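Undergrad: sequence? don't have it. structure:
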Ligand SMILES: NC(=O)c1ccc[n+]([C@@H]2O[C@H](COP(=O)([O-])OP(=O)(O)OC[C@H]3O[C@@H](n4cnc5c(N)ncnc54)[C@H](O)[C@@H]3O)[C@@H](O)[C@H]2O)c1
């Protein structure tokens, strides 16, 4: 088991930080498409995505996309290339485990389907929730987890249970063949090699905003203005991680005191910025 086994896309050598920025470029490109824009310069695309144009060009070069001098990038083709790279040209089947406040909000979110993610199953352990109809799906009992995952061909599991249940639910979905887990529970999940875990923690995002708010107000972090908030954060993390490979979990507040680093690959994107 290795902590950062998916720092790069092994098949194509695309840095994970680039992969993390591709959805941002895609969102900008979709809005250009909606406005009927056929080509876009790297400067325009970079500005709309909040990165510098050198970084954007480097990111897109990993996809074999270099644009045309004086013209820029063809919007439709770039949408196709990024979608293909992100695996969005096919549908992904998603299961949500834990249908409380968060799970039901996710289940009801219409934006996943339009991006190629089909929520096909909802699971909970509470008799008061099992059997409920939410967004056209009946909440199944967690006892049915393995059979439904196989039946529906689930490839991504979203964990929205309390922290105490998250690792055991993760173990079960992985044993059932799921290799991608999106974890909302405030716990670091251990997974075997070959399983990707992404952790979402809104309190971390708020803390990062608080840091930048403090800077704007002339607080302790005010010395060197950042190019953009995102670049500053990832740059700092990259510097830290060069000397402290375990810094990401610390910086994201995941690790309990004295806890050993887990075998997960969470938050590796900062390394490659
Ligand atoms: N990442 C974030 O930014 C963020 C934000 C809010 C909440 N959370 C976390 O998300 C999780 C869910 O939060 P919530 O507010 O929806 O909680 P909640 O209590 O409303 O819902 C949790 C649900 O999980 C179910 N559950 C418990 N054990 C289970 C098991 N073993 N298998 C299946 N279902 C099980 C419960 O019956 C309940 O319906 C918590 O871990 C919370 O800390 C994360």
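TA: Cool, the structure landed. Predicted, not measured: the structure shown is a model, and the values here were computed from it.

Undergrad: list the contacts for the residue nearest to residue 53 when sequence neighbours are not counted?
TA: Using CB to CB, 6 or more residues apart in numbering and skipping the chain neighbours, the partner closest in space to residue 53 is residue 46 (4.0 Å). Every C-beta, even on glycine, is put in place using the N, C-alpha and C of the backbone. Going by CB atoms under 8 Å, 6 or more residues apart in numbering, residue 46 touches 52, 53, 55, 56.

Undergrad: host element of residue 46?
TA: helix 42-49 (DSSP states H and E).

Undergrad: quick one: buried residues of that helix?
TA: 42, 44, 45, 46, 48, 49 (16 or more other CB atoms under 10 Å).

Undergrad: now the element after it, going C-ward?
TA: Note on helix 42-49: by DSSP H and E, the next helix or strand toward the C-terminus is helix 53-61.

Undergrad: and the helix or strand just after that following helix, what does it pack against?
TA: Past helix 53-61, further along toward the C-terminus, the next helix or strand under DSSP H and E is strand 73-74. Applying 3 or more CB pairs under 8 Å, 6 or more residues apart in numbering; DSSP states H and E, we find strand 73-74 packed against strand 39-40.

Undergrad: what angle separates the helix holding residue 46 from helix 53-61?
TA: Going by axes from the mean of the first three to the mean of the last three CA atoms, to 10 degrees, helix 42-49 is angled at 100 degrees with respect to helix 53-61.

Undergrad: centre of the chain to helix 42-49, how far?
TA: Mean-position distance between helix 42-49 and its chain equals 21 Å (CA atoms, centre = their mean, to the nearest Å).

Undergrad: just stretch 164-184 next, same as before
TA: The answer for stretch 164-184 is 16 Å, by CA atoms, centre = their mean.

Undergrad: how about the contacts made by the residue of the chain at minimum distance from the ligand?
TA: For the chain, the residue closest to the ligand is residue 100, as judged by CB to the nearest ligand atom, at 1.6 Å. Residue 100 is in contact with 124, 129, 160, 161, counting by CB under 8 Å, 6+ apart.

Undergrad: that older thread, which of the contacts of residue 46 tops the neighbour count?
TA: The most crowded member of the contacts of residue 46, judged by other CB atoms under 10 Å, is residue 56 (24 neighbours).

Undergrad: phi and psi next, for residue 91.
TA: Per-residue torsions, residue 91: phi -80, psi 140 (degrees, to the nearest 10).

Undergrad: what sits against it?
TA: 116, 117, 118.

Undergrad: give me that answer again for 10 Å
TA: 113, 115, 116, 117, 118, 120, 153, 155 (CB atoms under 10 Å, 6 or more residues apart in numbering).

Undergrad: same deal with residue 75?
TA: Contacts for residue 75 (CB under 10 Å, 6+ apart) come out as 28, 29, 30, 32, 33, 35, 36, 37, 38, 39, 40, 45.

Undergrad: so the second one, which of the three states?
TA: Right, residue 29. The local conformation at residue 29, judged by DSSP: H, G, I helix; E, B strand; the rest coil, is helix.
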